[in-house]
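J.: need the 3D shape of this:
(chains A and B)
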Amino acid sequence: MANKLSKVLVANRGEIACRILRACNEAGIASLAIYADNDANSLFVELADEAVMLQGDSIASTYLDQAQILQIAADNAVDAIHPGFGFLSERADFAQAVGDAGIQWVGPSPAAITQMGDKMTARITMRNAGVPVIPGEEIEEVEEQAALAAIEEASHRVGYPLLLKASSGGGGKGMRAVHHPSELISAAQGARREAIAAFGDGRVYIERLLTGSKHVEIQILADRHGRTIHLGERECSVQRRHQKVFEEAPCATMRPQLREAMGSAAVAAAKAVDYEGAGTVEFLLAPNGEFFFLEMNTRIQVEHPVTELITGVDLVREQLRIAAGQPMSCGDLMIRGHSIEVRLYAEDAANNFLPAIGKLAVFSPPEGPGVRLDTGVREGDEVTPNYDPMLAKLIVWAPSRKEALQRMRRALDEFVVLGTTTNIRFLRELCDQPEVVNGATDTTTIDRLWPNGWSPNVSQSMKNAALLIASCAEANGLQRRGSSVSNQVSSDGPVSPFQTLNRRFP
Amino acid sequence: MMQNQFKTEDGLVEVTISKQGDSWNFEGQSCQILDDGRLQVTTVDGSSHLARAAKVGDIWWVHLCGQTFKLEQIEPGASASEEQGGLTAPMPGKVLEVMVEVGQEVSAGTTLMILEAMKMEHKIVASTDGVVTAINFNAGDQVEQGVTLLDLEQ
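T.: Here you go, the predicted structure:
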């Protein structure tokens, strides 16, 4: 293969497709987007040089249809495929098929994906490479009754509280925390069911639940010229339902010596599987400074921007360089300032973070110094239940952690999204919590701060002001006037957008 | 004078606003509409803020000082779509499992049904003690948002 990519197929959608397509554009590489019918008007399709529609009406028959994607790649003289995250990004069989078709996979080898993708295999590989893993046990039984019996038996040795995790898992799917033996079997059944539905593999393993720990992950880059480096850590402890919502770099409590130890462990983990490209090694960091391998994500990570902002490295550009066989362009690690990312979801934070849908009648992101927005939507778009409800990632950079938090508060206050419920206010209140302000967050922070669920802290005079505004807007016919506030909104829209949508849950 | 009724998270609220010059008043606050369609509010403490509002269907969405409000306007004479004590689907999805039977006594907190939506499982939990009087869906059924899944009698 020549030392330059000429055309990259982006096998993804939404904000990460936009991120990769923009990187291709900047690098002078032609780009090709693939999209399902219900994404025909999405932003990422617009950003691509070319776009080909996928035939099919479910995720399985579109973004997960390997044969169809490979055919499109062949028909359009593509020389590389970037999988983004999610979808096919951690499918070794797809990476293999891409390579077999003579197309460059933007990511590690199929063997590395396999060794890290199966979480139980990864635990064993890491243990053998001398990387500390969380105390726990792998459960090899596949059949339901045998697996439940093995889980029950192993639970006595692992001890409570414990965590059940799908071996093929990710994104919190197929994961259950168990605090009492009486909950074990139903939790195991639930985890297995979710894992079978999401990954087609019901195997789960058990880990001791290490409470009070931070989720700290190390960004890795490795090229074919003998360099494997780490780019420091990100802290992603603040999670709801095992999904990250607030991420920062560097970790507030990190010391140079510990960073070096964790960085070296991550580099060892990457080298153990002959890693190539960008990857992330996740650790749990206990209060006493002990750290344990959680898993390695063999792809670009959702929260990669915070690392980019503090290191000055464009991770997606580096991925493209490495895939083309070039050496990575970045030098020694230099950390400057502080960066925070929050994930904006269409969801009702006051109702157990239930996903929400609706039309983005107003979508007006913040601007100004140190603010970056990675999104796949724009004003007027419809948020549907077809895909993940993440609307955008709002990322700030500032010289210090304190200033980064101040900037994030300001940016969240400026962010206006009307037409669907979002978690903006939840994120904004999170920025005021002493634990967050002091950098004392751990993976149980949200559950501990709001044990009975979060609800917004709103004064009566604010509520009255909102009622006045709505009444005033109504009295003046703002909804019909086609003014700047409502020109994207059809005045004859249905009462409930739920009733007219064509929904699918593959 | 102008009267409106909104369904808010605090329940039904009746709002009567009165006009004075260019501005509308309510509970000591005033609001006026700027030429570009934005709204300017002067609150009880005398401070002034810009707000944005958009209507989608019957719902007014209002953004003010970093807070977003969802206010469903109730047409005069129409009755609000109150839930009738049944347990409704919080979102569209598929019924994975029905955990109870008709006639079964349950206590508050009991999981009655498991729904799957967006590939995540959601538990439908009894909010009070009671007896299951009807189960309207079976495992595998697709459900629309807002439909009554089960009836529970206290």
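J.: mind checking the SS state of A:Val216?
T.: Following DSSP: H, G, I helix; E, B strand; the rest coil, we place A:Val216 in the strand state.
J.: what bridges to it?
T.: Listed by DSSP bridges, the beta-bridge partners for A:Val216 are A:Glu235, A:Phe283.
J.: surely A:Glu46 is in a strand?
T.: No: according to three-state DSSP, A:Glu46 belongs to no strand; its state is helix.
J.: from A:Val8, how far out is it?
T.: Applying Cβ to Cβ, to the nearest Å, the value for A:Glu46 to A:Val8 is 17 Å. Every residue, glycine included, has its C-beta placed from N, CA and C.
J.: the two: who's more crowded?
T.: Between A:Glu46 and A:Val8, counted using other Cβ atoms under 10 Å in any protein chain shown, A:Val8 has the larger neighbour count: 29 against 12.
J.: now do the more buried one against A:Leu320, distance only.
T.: Taking Cβ to Cβ, one finds A:Val8 at 7 Å from A:Leu320.
J.: send me stretch A:309-318 as PDB with only the CA atoms.
T.: Extracted in PDB, the C-alpha atoms of stretch A:309-318 (Å, rounded to 0.1, in the frame of the first residue of the first chain):
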ATOM      1  CA  LEU A 309      -7.100  19.500  24.000                       C
ATOM      2  CA  ILE A 310      -4.500  18.900  26.700                       C
ATOM      3  CA  THR A 311      -1.900  17.200  24.500                       C
ATOM      4  CA  GLY A 312      -2.300  19.100  21.200                       C
ATOM      5  CA  VAL A 313      -2.500  15.800  19.400                       C
ATOM      6  CA  ASP A 314      -5.100  15.200  16.700                       C
ATOM      7  CA  LEU A 315      -5.900  11.600  17.500                       C
ATOM      8  CA  VAL A 316      -8.100  10.900  14.400                       C
ATOM      9  CA  ARG A 317      -5.400  12.400  12.100                       C
ATOM     10  CA  GLU A 318      -2.800  10.200  13.800                       C
END
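J.: mean confidence score for that stretch?
T.: Here stretch A:309-318 scores 98 as its mean pLDDT.
J.: which residue lies farthest from the center of chain B?
T.: Among residues of chain B, the one most distant from the C-alpha centroid is B:Gly21; the distance is 34.0 Å, by Cα atoms, centre = their mean.
J.: so for that one, what's the pLDDT?
T.: Per-residue pLDDT puts B:Gly21 at 91.
J.: pLDDT weak spots in the stretch 1-150 of chain A?
T.: Across the stretch 1-150 of chain A, residues meeting the criterion (pLDDT under 70) sit at A:1-2.
J.: how much space between the residue of it found nearest chain B and A:Leu418?
T.: The nearest approach of the stretch 1-150 of chain A to chain B comes at A:Ile59, 9.4 Å away (Cβ to the nearest Cβ). Using Cβ to Cβ, A:Ile59 is found at 28 Å from A:Leu418.
J.: out of the two, which sits in the more crowded spot?
T.: A:Leu418 (30 against 18).
J.: who is the more buried one paired with across the strands?
T.: A:Val362.
J.: outline the domain layout of the chain.
T.: Just so you know, I chose chain A. A:7-106, A:135-208, A:214-449, A:466-499 (automatic domain parsing).
J.: that's the wrong chain, I wanted chain B
T.: Here the domain parsing of chain B from automatic domain parsing is B:2-74, B:87-153.
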